[in-house]
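Engineer: need a structure here:
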Amino acid sequence: MRRREFIAGIGAAGLAAGRSLAQTPPPRVPRVAILTPASSESRAVFQAFRARLRDLGYVDGRNLEIRFHSSGGAGYSAEGADRLASLARAIAAAGADVVLADGRPATQAMLAASRTIPIVGITGADPTLLDLATSLARPGGNVTGITFFTVEVGAKQLEILREIAPAMRRAGIVSANAPFDRAIRAVTEAGAALGIDTRHIQVDTPQAIASALAPAALTDVEGLVVLSNAVLAAAPNTVVTPINLARKPAVYHERDFVDAGGLACYGVNFADVFRRLADYVDRVLRGGNPAEMPIERPTIFELVINLKTARTLGLQIPPTLLARADEVIE
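Structural biologist: This next block holds a predicted model:
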């Protein structure tokens with residue numbers, strides 16, 4: 001072969017190889033969808049979730065794609081349920097690799113949309129009673145995650161409220177309606193055992209917060225138990241401010257409310273819970289099967305008391321309760 005033909009052949013081969021490389025599509029990036037009734041992605045729990053994924057080596061936009069899907073603050077209303085269902089169907093059609101479902105409504109909506117896409121969910125109620133899993137140890141389907149049993153936590157919140165306000169005879173239970181019926185019943189029964197009448201205060205949308213918790217609406221209760229609710233958790237300030245203006249002692253379910261000026265909280269550390277959910281997502285992306293990944297129950301609950309708010313409300317917190325607190329904010 002002549003030298004000129006040899007060089008031309010090499011050039012042609014190089015061009016062909018270049019075209020082949022150019023036509024090779026980039027590797028597919030795994031997709032993680034977040035489905036929530038909360039209206040804002042800026043919630044601390046979502047930031048904790050993302051931070052943990054970064055710790056695990058995932059960079060959004062590089063080797064992972066995270067898409068946030070919110071029902072727009074419609075909350076737990078019928079409209080909110082319809083929006084969650086529509087979003088879940090869209091997520092299933094787009095082919096997410098794993099879905100982080102924030103709360104029972106989101107988890108149920110996603111499960112109705114797909115029985116194959118792995119779902120990492122967080123629920124306040126027992127997932128076996130909601131037909132989300134066969135058992136906690138072996139879920140058996142495409143749903144796994146964490147449950148924190150609102151039923152037990154709510155009753156404990158009322159007990160703590162009674163210690164703070166021992167003369168209290170009527171308490172309000174702040175929550176969405178249908179999603180927490182068992183929790184509301186548990187708090188009501190705990191109240192009866194303590195000689196406390198209870199009234200349910202329904203807050204299932206962001207728009208309902210102002211009217212339901214206005215000082216004028218709370219005149220017939222002497223204290224409040226605020227149960228777990230993604231709608232309320234999305235905007236702690238809008239919940240704490242009217243309750244404090246009404247000068248009502250309240251025990252919340254999450255630390256963010258105390259940081260916003262709330263009196264006290266008892267419950268799981270939700271930032272830690274969402275970091276743990278990121279670990280679940282990592283296991284799924286590495287090939288883990290949700291059917292065989294046990295649903296966890298947090299074993300550590302925290303009691304935080306805001307003494308500054310207590311003084312503002314004219315309350316004397318019992319020393320025995322302060323001694324049990326995991327943190328006291330001066």
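Engineer: okay, now the domains of the protein?
Structural biologist: 31-148+270-292, 150-267+301-329 (automatic domain parsing).
Engineer: dump those to CSV, plus mean neighbour count.
Structural biologist: Backbone N, C-alpha and C define where each C-beta goes, glycine included. Converted to CSV, those look like this (neighbours: other CB atoms under 10 Å):
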stretch, mean neighbour count
domain 31-148+270-292, 19
domain 150-267+301-329, 20
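Engineer: mean pLDDT added to the ones you listed, as a markdown table?
Structural biologist: Formatted as a markdown table, the domains of the chain follow (pLDDT from 0 to 100):
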| stretch | mean pLDDT |
| --- | --- |
| domain 31-148+270-292 | 93 |
| domain 150-267+301-329 | 92 |
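Engineer: what residues are up against the closest residue to Ile317 other than its chain neighbours?
Structural biologist: Residue nearest to Ile317 in three dimensions, not counting chain neighbours: Ala310, with 5.2 Å by CB to CB, 6 or more residues apart in numbering. Residues in contact with Ala310 (CB atoms under 8 Å, 6 or more residues apart in numbering) are 164, 263, 316-317.
Engineer: next helix or strand past the strand or helix carrying Ala310?
Structural biologist: Using DSSP states H and E, Ala310 maps to helix 307-312. Per DSSP H and E, the first helix or strand lying C-terminal to helix 307-312 is helix 319-324.
Engineer: what's that following helix packed up against?
Structural biologist: Packing partners of helix 319-324 (3 or more CB pairs under 8 Å, 6 or more residues apart in numbering; DSSP states H and E): helix 150-164, strand 302-306.
Engineer: any chance of the ones you listed in TSV, with distance to Gly288 too?
Structural biologist: As requested, those are exported to TSV (distance: least, CB to CB, whole Å):
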stretch	distance to Gly288
helix 150-164	27
strand 302-306	29
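Engineer: if I look at the residue nearest to Val29 when sequence neighbours are not counted, how far off is Leu245?
Structural biologist: In this structure, Val29 finds its nearest non-sequential neighbour in Glu65, 5.0 Å apart by CB to CB, 6+ apart. Distance of Glu65 to Leu245, computed by CB to CB, to the nearest Å: 43 Å.
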